[in-house]
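Colleague: Any chance you can model this:
(chains A and B)
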Amino acid sequence: MTAVVYAARKRIDTLLLSKDVGGQVLWTAGVENYMGYQYIEGPELIQKFEGQVMQFPLEQKIGQGVAALSRTDAGFEVKTEGGDSYQAKAVIIATGKRPRQLNVPGEERLKGRGVTYCAICDGPIFAGEKVAVIGGGNSALEAAADMVKIAEHVYLVSLTPLTGDQILIDRIKDASNLTIFLEHEVVEIEGSNRVEGITMKDLKTGEEKKLEVGGVFVEIGLIPNSGIVKGIAKLNGLGEIEVNCACETGVPGLFAAGDVTNVPEKQIVVAAGEGAKAALQAHRYLQRL
Amino acid sequence: MSGNEVKVYSTPTCPYCRMAKKFLDDNGIDYQDLNVAEDKAARDEMINKSGQMGVPVIDIDGELVLGFDQAQLKEKLGL
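Modeller: Numbers count the residues shown, from 1 in each chain, chains lettered A, B, ... in the order given. Now for the predicted structure:
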């Protein structure tokens, strides 16, 4: 969104194409490290970003994702999921990341039927039930901390020792309705019409164990939304788009910014700065054509 | 103003629910907002109707939209 503001101020003929507005910031309950705000809720910060974008006369198509990107003689062609097609001399990819999936049997089938990737959205629906939170990082610990307040019992299942911040571990460690399984791998999610349980494997002993749960909160990190540039730009081992410090991908006219790239530190303030850089670099590129 | 009967099953903490409601507000659509975090009857109604344990679920004249899907909402509401 920052890239759009910079592009609009340079009076570049810009089209904003996005499946939605807000991305990962929306799932963030509170933001305490974006300058100008001591504390602001993720969705409120996004509304402010959106308001700033909207003050510019700008063409935008929100609601459809980008299905394909290809190089043409004149630059690039972008096709949306709805089948629309657009031509551009320069493209900035700022698609961020999405929740990583477990990729175990039952997960896809039971998505929305007890399997959820948005604990702050769906947590309250599981009040009074037994639930499993999968993961050992900050988002898993936050989900567990929210759920011990309302669920009958919470099982925290982590592939590794807990990697989240100690302050979050301290917040849950004394909860009487919490059981933590470390170095356990989820191998299957069971249930016919909705989640009824999970099977997990103890990585030390190889022993399998079943847990009866009605909800599975998958909080095992994020993967970059870089699929559309596969085969065009270079990706690193994590699937992030490789860029240099000018947000250039190595493909003339193709820039990338924020969490979808290999830029160190995935932070709102960093991503916003990268967006500004990418738009200014795209402007320079267009001037040179 | 549309003549559709619209129900939004939501939780107060869900950003997609807020965005969906804002979308309906911005388009002048009247709707009934059901907070499934507090209202157990509404929660059961949502699960029975949709099989979904995730919000938002939006009921437009008996047809369901799962998640905040602008394209589907526009189509079902004739926007």
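Colleague: elements contacting the host helix or strand of A:Lys209?
Modeller: Assessed by DSSP states H and E, A:Lys209 sits inside strand A:208-212. The contact analysis (3 or more C-beta pairs under 8 Å, 6 or more residues apart in numbering or on different chains; DSSP states H and E) places strand A:208-212 against strand A:130-134, strand A:184-190, strand A:197-202. (Each C-beta comes from the backbone N, C-alpha and C, glycine too.)
Colleague: Report the rounded mean pLDDT for it.
Modeller: The pLDDT scores in strand A:208-212 average 97.
Colleague: That strand: how far from the chain's middle?
Modeller: Distance of strand A:208-212 from the chain centroid (C-alpha atoms, centre = their mean, to the nearest Å) equals 29 Å.
Colleague: for stretch A:227-241, same thing?
Modeller: In this view, stretch A:227-241 has its centroid 16 Å away from the chain centroid, taken as C-alpha atoms, centre = their mean.
Colleague: Go ahead and name everything in contact with it.
Modeller: A:66-71, A:93, A:95, A:223-224, A:226, A:242, A:249-251, A:254, A:256, A:260-262 (C-beta atoms under 8 Å, 6 or more residues apart in numbering or on different chains).
Colleague: Next step: these restricted to strands.
Modeller: Among the contacts of stretch A:227-241, the residues falling in strands (DSSP state E) are A:66-71, A:93, A:223-224, A:254, A:256.
Colleague: quick one: which of these is nearest to B:Asn35?
Modeller: A:Ile223 (32.0 Å; C-beta to C-beta).
Colleague: Look up which residues are beta-bridged to the closest one.
Modeller: A:Arg98 (DSSP bridges).
Colleague: Was I right to think it contacts A:Gly96?
Modeller: No: in this structure, A:Ile223 is not within contact of A:Gly96 by C-beta atoms under 8 Å, at 10.4 Å.
Colleague: So between those two, which is more surrounded?
Modeller: The neighbour comparison of A:Ile223 against A:Gly96 (other C-beta atoms under 10 Å in any protein chain shown) goes to A:Gly96, with 21 against 16.
Colleague: how about the more buried one, what does it touch?
Modeller: Listed by C-beta under 8 Å, 6+ apart, the contact partners of A:Gly96 are A:23-24, A:224-225, A:258-260, A:271.
Colleague: burial measure for the nearest residue to A:Phe126 once chain neighbours are set aside, as a count.
Modeller: Leaving aside its chain neighbours, A:Phe126 sits nearest to A:Gly215 (4.1 Å; criterion: C-beta to C-beta, 6 or more residues apart in numbering or on different chains). Neighbourhood size, A:Gly215 [other C-beta under 10 Å]: 24.
Colleague: B:Arg18 now?
Modeller: For B:Arg18, using other C-beta under 10 Å, the count is 21.
Colleague: Then B:Gly78?
Modeller: By other C-beta under 10 Å, the residues close to B:Gly78 number 8.
Colleague: for A:Pro161, same thing?
Modeller: 8.
Colleague: ditto for B:Glu63
Modeller: Counted with other C-beta under 10 Å, B:Glu63 comes out at 10.
Colleague: need the contact list for it.
Modeller: B:Glu63 is in contact with B:Lys76, counting by C-beta under 8 Å, 6+ apart.
Colleague: Tell me, what's the model's pLDDT at it?
Modeller: 94.
Colleague: What of B:Ala71?
Modeller: 82.
Colleague: again with A:Val229
Modeller: 97.
Colleague: and it, backbone torsions?
Modeller: Torsion angles at A:Val229 (phi, psi; degrees, to the nearest 10) stand at phi -100, psi 0.
Colleague: next one: the one 4 residues further on
Modeller: For A:Ala233, the backbone dihedrals are phi -110, psi 170 (criterion: degrees, to the nearest 10).
Colleague: For it, name its beta-bridge partners.
Modeller: A:Lys230.
Colleague: re the thing from before, next up, the contacts around the residue nearest to A:Phe126.
Modeller: A:114-116, A:122, A:125-126, A:129-132, A:151, A:195, B:53.
Colleague: Out of these, which comes closest to B:Glu38?
Modeller: A:Ile125 (11.3 Å).
Colleague: returning to that earlier point: how distant is the helix or strand following the strand holding A:Lys209 from the center of its chain?
Modeller: Later in the chain than strand A:208-212, the nearest helix or strand by DSSP H and E is strand A:215-218. On the basis of C-alpha atoms, centre = their mean, strand A:215-218 sits 17 Å off its chain's mean C-alpha point.
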